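Chemist: Provided below for reference: sequence and predicted model.
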Amino acid sequence: MDKRFKTLPTTEKRNRRSQNIDKLSTGQIVDLINSEDRLVAPAVAKQRKPIAAAIDMIVERLRRHGRLFYVGAGTSGRLGVLDASECPPTFGVSPNLVQGIIAGGRRALVRAIEGAEDYQRDGAAAINNKHINENDVVVGIAACGMTPYVHGALKRAAQLGAGAIFITCAPEDVDQIPAEIIINPVVGPEILTGSTRMKAGTATKLVLNSLTTGAMIKLGKVYGNLMIDLRATNEKLHERSQRIIMELTGLTRPAAKKLLNQAQGRVKIALVMHFRQTNYHQAQKILKDNHQFLRPAISEKK
């Protein structure tokens, strides 16, 4: 057994239900994979309290002008980078606000780099390179729970005063994890033994979705269920921006497009301009006075 583990983690155990998967028909293989995938959402739901606590920690640090970092290796690292890369177009934030760190660097995003995860010192060095401080949050991601690179990063982050969160699908060694909050959706052994890109990867993706979406909602990036701070970087997002304005204001498409242009492509600014009957710069001030929350900003009770 790997010397890192006291006991074999759940993510490395054999799944009894799939021991004869190579004998099954194609349809049966699909059914078995699907039946295992149905275990993921309930496992994540059981972690609602630590997920909520993690969101509150992230929001509190981001309000102090901190940043959110994901750190992982292999699939876990790629999922962190993916979630981070989606935040700028979805919520209109700077690429520096949410960042992904993967063992092995950018090359590891598209090609496995064996051994990149094996050294705590490399994880610590990655944290140092990002100049982590007490306003930041570092989320370690390791399906098995004991990836040295991730542990090194979290330990160094904690030394620097950053908030420390850990996501793992293995319950065996959580007592060794150097984090304030541990999110531990236990999805059981994988269909293919140790292939954590499957259920563990799906569970991790669901958790990451909740962390950034929940945090951005709490930071005023959403009105109802609409992404009012999205960055229109392509034709689809330009269309979405116009639809949001049309839905909330009742304007025609030409009028919504004109308003959006006057607001320099910023949906939230456009909405304040419309509802408060003001110009771009005054709309900016109104939003600033309301801590970037649209609902109070467009209220007439000012």
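Modeler: Yep, it's here.
Chemist: what secondary structure does residue 139 sit in?
Modeler: Under the three-state scheme (DSSP: H, G, I helix; E, B strand; the rest coil), residue 139 adopts strand.
Chemist: ok, it to residue 214 distance?
Modeler: 13 Å (CB to CB, to the nearest Å). Every C-beta, even on glycine, is put in place using the N, C-alpha and C of the backbone.
Chemist: higher neighbour count, those two?
Modeler: The residue with more neighbours, out of residue 139 and residue 214, is residue 139; 33 against 17, by other CB atoms under 10 Å.
Chemist: Surely the more buried one touches residue 211?
Modeler: Yes. Between residue 139 and residue 211 a contact is recorded at 7.1 Å, counting by CB atoms under 8 Å.
Chemist: Overlap of the contact sets of those two?
Modeler: Residues touching both residue 139 and residue 211 (CB atoms under 8 Å, 6 or more residues apart in numbering) are 54, 68.
Chemist: how near is the residue sitting nearest the centre point of the chain to residue 81?
Modeler: Centroid-nearest residue in the chain, with CA atoms, centre = their mean: residue 208, separated by 3.4 Å. Separation of residue 208 from residue 81 (CB to CB): 10 Å.
Chemist: For these two, list the residues in contact with both.
Modeler: Both residue 208 and residue 81 are in contact with residue 70, where contact means CB under 8 Å, 6+ apart.
Chemist: Quick one: the strands in the stretch 101-250 of the chain, in order.
Modeler: All strands of the stretch 101-250 of the chain, identified by DSSP state E, counting those that start in this stretch, fall at 137-141, 163-167, 181-183.
Chemist: What strands line up against the shortest one, and which way round?
Modeler: What that stands for is strand 181-183. strand 163-167 (parallel) (DSSP bridges).
Chemist: who touches the partner strand?
Modeler: So strand 163-167 is in contact with 54, 57-58, 61, 76, 136-142, 145, 150, 154, 157-158, 177-184, 204, 207-208, going by CB under 8 Å, 6+ apart.
Chemist: what about residue 82, which SS state?
Modeler: Counting by three-state DSSP, the backbone at residue 82 sits in helix.
Chemist: Please name the nearest non-neighbouring residue to residue 227.
Modeler: Leaving aside its chain neighbours, residue 227 sits nearest to residue 90 (6.0 Å; criterion: CB to CB, 6 or more residues apart in numbering).
Chemist: quick check: mean pLDDT across the strand or helix carrying the one you found?
Modeler: Element membership for residue 90 (DSSP states H and E) is helix 74-91. Mean pLDDT, computed over helix 74-91, is 95.
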